[in-house]
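Engineer: Starting from these lines, generate the structure:
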Amino acid sequence: MNAPHFSHPEGTQSHGHLPATGVIGAPQLLAEYQSALSKVEQLTITANRLDHERATVLARLSSLSDQLAIADEHPDHGELMHRSTASEVALVTRTGHLAAAHRIAQASTLVTRYPRASAALREGELSVAHTDVITTAGNVIATVEARARYEADVLPLALEMTAHQLKPHAKRLAEVHAERTIDERYDDARTGREVRVTSLDDGMAKLTATLGAVEAFAIKDRLSRIARVVHQDERRNAHATDAGGKREQDKTEQPDPRTRAQVELDVLVELLLTGGSSDAAAKMLLSASAACARLAATTESRGKGNGSSGNSGNSGDPLAAITGRVQVSVPVFALAGSHGPEVSPYLSPAELAGYGPIPRSVAMKLAGGSKSWARVMTHPVSGAVLAVDRYQPSEDLKRLLGARDQHCRFMGCITRLDRCDIDHTVAYSEGGTTSPENTGHLCRRHHVLKHWKFMKHSGWHPVQSEGGVYTWRAPSGRHYRDTPKSSVRFRPHRPRAKGRAPAEANAPPGF
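Structural biologist: Numbers count the residues shown, from 1 in each chain. Take a look at the predicted model:
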């Protein structure tokens, strides 16, 4: 992100899109900055209100389509009428037919099934992206009563988060109120596992695989880590020096022009077509297969690596040192095998970091001992991290922070942990401790932003409070709050036995 530019005192130079209007004092510029920020906020509220008005009209169109089909006695129960409506909406909005049909369906669901979320959109407090997340996650809920409880739980979160941040929370909450468990739906969904090829232009095609979320995220992680090794090796080669301190230049070897994404794809092709163990695979994976070999040697010299897989003993294959990693959070009662009416309200779904709820049966298999999986036990009510795999203290702190943060802790940012730094909230040089209460993950972009000086002070100043809650002060003077994803929990809904007094504390059995 480019830092803001200010006019030079001499008034001889203008920056960015600001006109050269002479000397402007910093207080006046800051006041104008704050005014412009408020204007953006008001325009966003206005846009949200217009989106609600459009959703209301689209929902009415859907209802009218039903009524017209009934009045005209359509034998197809209105299917063609709705298809016709979507086509005409697509024409007047200059969008695709499928996009128009999706927009109508989302609008109808919002207006007819989620009155409180619809009202928040009408008031400009939520965006249509937020309401889409709420309605989509709620598709697994069958009854009006359960849907109302879900809406009451998810709405406070929606008012504090970006739509992208909200998605895993909404999915988790919907699971609590779903008629069928995710384990039951997962068994049905697995029957749809497949690989498809879609033809594209210019000699290209798209390969799409439908598989379990855990496997998919682990595959993507392994591809990303191999690609990172390739790029790191390329940079090392570019800066290599000989014994005399001079740069080594091999004119026959050109720098690798591929992007990280292109390297990931090339790695995928080689692993699938050659199995990743042949000499041809090693040559084509890296102009740089030596990088993987070095990583394998480093891992071997350290003994058991951090999260090495069970098949890492495949000697001779440098790629075996690079495994896919995922983080799965499992409620402690599930790990303990607890059952019964007193415990069942607290048996919330297990979660895959960056995705959301996964079947408990899948999570339990991962928690069974495979070194490939980072195991995190959480308190079923507070969501606090109770334990992680046991390592040396410094490594244990990293795992604890990873389990708590799950991504960058700047508001709205979900950059993965492997692309983040562990930052001291209060600088170590200023007496800050290396402890969970004073450390957290920041991606490179927002780490730099934290240390950027604005008017001789930190541009974005964080304060960390109990439970890893960050409160950021922006250069504008506004304050923004970020709560770690792992600590967001809600009071379980469970029927109370007749004549039984309510519990004094919202604590499950054994706590």
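Engineer: Least confident secondary structure element in the chain?
Structural biologist: Within the chain, confidence by mean pLDDT, DSSP states H and E is lowest for helix 289-301 among all helices and strands, at a mean of 40.
Engineer: Let me see the ranges of the strands in the stretch 1-150 of the chain.
Structural biologist: In the stretch 1-150 of the chain, no strands are defined using DSSP state E, counting those that start in this stretch.
Engineer: pLDDT weak spots in it?
Structural biologist: The model of the stretch 1-150 of the chain has pLDDT under 70 over residues 1-24, 76.
Engineer: Would you map the helices across it?
Structural biologist: All helices of the stretch 1-150 of the chain, identified by DSSP state H, counting those that start in this stretch, fall at 26-71, 79-93, 97-113, 115-122, 128-137, 144-158.
Engineer: among those helices, which is the most enclosed?
Structural biologist: Among these, ranked by average contacts under mean count of other C-beta atoms under 10 Å, first place goes to helix 128-137 (a mean of 22). C-beta: built from backbone N, CA, C; applies to glycine.
Engineer: neighbouring contacts of that one?
Structural biologist: Outside helix 128-137, the residues within contact range by C-beta atoms under 8 Å, 6 or more residues apart in numbering are 48, 51-52, 55, 106, 109-110, 113-114, 117-118, 120-121, 151, 154-155, 158, 163, 166-167, 170-171, 173-174.
Engineer: quick check: domain ranges of this protein?
Structural biologist: Listed by automatic domain parsing, the domain ranges of the chain are 37-179, 212-239+255-321, 411-492.
Engineer: Same list (those domains) but as JSON lines, adding distance to residue 30.
Structural biologist: Below are these laid out as JSON lines (distance: least, C-beta to C-beta, whole Å):
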{"stretch": "domain 37-179", "distance to residue 30": "10"}
{"stretch": "domain 212-239+255-321", "distance to residue 30": "38"}
{"stretch": "domain 411-492", "distance to residue 30": "8"}
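Engineer: so which of the ones you listed gets nearest residue 356?
Structural biologist: domain 37-179 (3.8 Å; C-beta to C-beta).
Engineer: What's the end-to-end length of that closest one?
Structural biologist: 44 Å (C-alpha to C-alpha, to the nearest Å).
Engineer: Need the pLDDT of residue 345.
Structural biologist: pLDDT for residue 345: 51.
Engineer: Could you do residue 511 as well?
Structural biologist: At residue 511, pLDDT is 38.
Engineer: Residue 476 now?
Structural biologist: pLDDT, residue 476: 82.
Engineer: That one - how many residues pack around it?
Structural biologist: Neighbourhood size, residue 476 [other C-beta atoms under 10 Å]: 13.
Engineer: any idea how far it lies from residue 97?
Structural biologist: Using C-beta to C-beta, to the nearest Å, residue 476 is found at 43 Å from residue 97.
Engineer: Next: residue 161.
Structural biologist: On the measure of C-beta to C-beta, residue 161 and residue 97 end up 32 Å apart.
Engineer: returning to what we had before: may I see the helices of the stretch 1-150 of the chain organised as TSV, with distance to residue 415 added?
Structural biologist: Below are the helices of the stretch 1-150 of the chain laid out as TSV (distance: least, C-beta to C-beta, whole Å):
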stretch	distance to residue 415
helix 26-71	23
helix 79-93	34
helix 97-113	28
helix 115-122	28
helix 128-137	19
helix 144-158	20
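Engineer: Residue 224 is nearest to which of those helices?
Structural biologist: For residue 224, the closest of the helices of the stretch 1-150 of the chain is helix 128-137, at 25.4 Å, according to C-beta to C-beta.
Engineer: Next up, the contacts around residue 81.
Structural biologist: Each residue near residue 81 by C-beta under 8 Å, 6+ apart is listed here: 65, 66, 68, 69, 72, 74.
Engineer: same deal with residue 434?
Structural biologist: Neighbouring residues of residue 434 by C-beta under 8 Å, 6+ apart: 397, 424, 428.
Engineer: again with residue 409
Structural biologist: Residues near residue 409 by C-beta under 8 Å, 6+ apart: 440, 441, 442, 462, 468, 470, 482, 484.
Engineer: Return the closest of the residues you listed with respect to residue 267.
Structural biologist: Of these, the one sitting nearest to residue 267 (C-beta to C-beta) turns out to be residue 441, at 26.0 Å.
Engineer: Just give me the neighbour total for the closest one.
Structural biologist: Residue 441: 26 surrounding residues under other C-beta under 10 Å.
Engineer: nearest to residue 351, of the domains of the chain?
Structural biologist: Across the domains of the chain, residue 351 has its closest neighbour in domain 37-179 (6.5 Å, C-beta to C-beta).
Engineer: per-residue pLDDT, residue 248?
Structural biologist: Value for residue 248, per-residue pLDDT: 55.
Engineer: Convert stretch 460-469 to CSV, retaining C-alpha atoms only.
Structural biologist: Extracted as CSV, the C-alpha positions of stretch 460-469 are listed here (Å, rounded to 0.1, in the frame of the first residue of the first chain):
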residue,chain,number,x,y,z
TRP,A,460,-2.0,2.1,13.0
HIS,A,461,-1.6,1.5,16.8
PRO,A,462,-2.9,-1.8,18.2
VAL,A,463,-3.6,-2.6,21.9
GLN,A,464,-4.1,-6.2,22.8
SER,A,465,-6.5,-7.1,25.7
GLU,A,466,-7.5,-10.3,27.4
GLY,A,467,-8.2,-13.2,25.1
GLY,A,468,-6.2,-11.9,22.2
VAL,A,469,-8.7,-9.1,21.3
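Engineer: Near residue 215, how many other residues are there?
Structural biologist: 14.
Engineer: and it, that's in a helix?
Structural biologist: Yes - assigned with DSSP: H, G, I helix; E, B strand; the rest coil, residue 215 falls within a helix.
Engineer: In contact with it, which residues?
Structural biologist: Listed by C-beta under 8 Å, 6+ apart, the contact set of residue 215 is empty.
Engineer: ok, now how distant is it from residue 270?
Structural biologist: With C-beta to C-beta as the criterion, residue 215 and residue 270 are 19 Å apart.
Engineer: Could you do residue 472 as well?
Structural biologist: 43 Å.
Engineer: before we move on, what about residue 216?
Structural biologist: 19 Å.
Engineer: Looking at those two, which is more packed in?
Structural biologist: The neighbour comparison of residue 216 against residue 270 (other C-beta under 10 Å) goes to residue 270, with 21 against 16.
Engineer: Give me the packing partners of the helix or strand hosting the more buried one, helices and strands only.
Structural biologist: According to DSSP states H and E, residue 270 maps onto helix 260-274. Packing partners of helix 260-274 (3 or more C-beta pairs under 8 Å, 6 or more residues apart in numbering; DSSP states H and E): helix 213-238, helix 279-285.
Engineer: Just want the angle from the longest one to helix 260-274.
Structural biologist: The directions of helix 213-238 and helix 260-274 differ by 110 degrees, with axes from the mean of the first three to the mean of the last three C-alpha atoms, to 10 degrees as the criterion.
Engineer: quick one: contacts for the nearest residue to residue 90 once chain neighbours are set aside?
Structural biologist: Distances taken as C-beta to C-beta, 6 or more residues apart in numbering put residue 100 closest to residue 90, at 3.8 Å, once the chain neighbours are dropped. Contacts for residue 100 (C-beta under 8 Å, 6+ apart) come out as 86, 87, 89, 90, 93.
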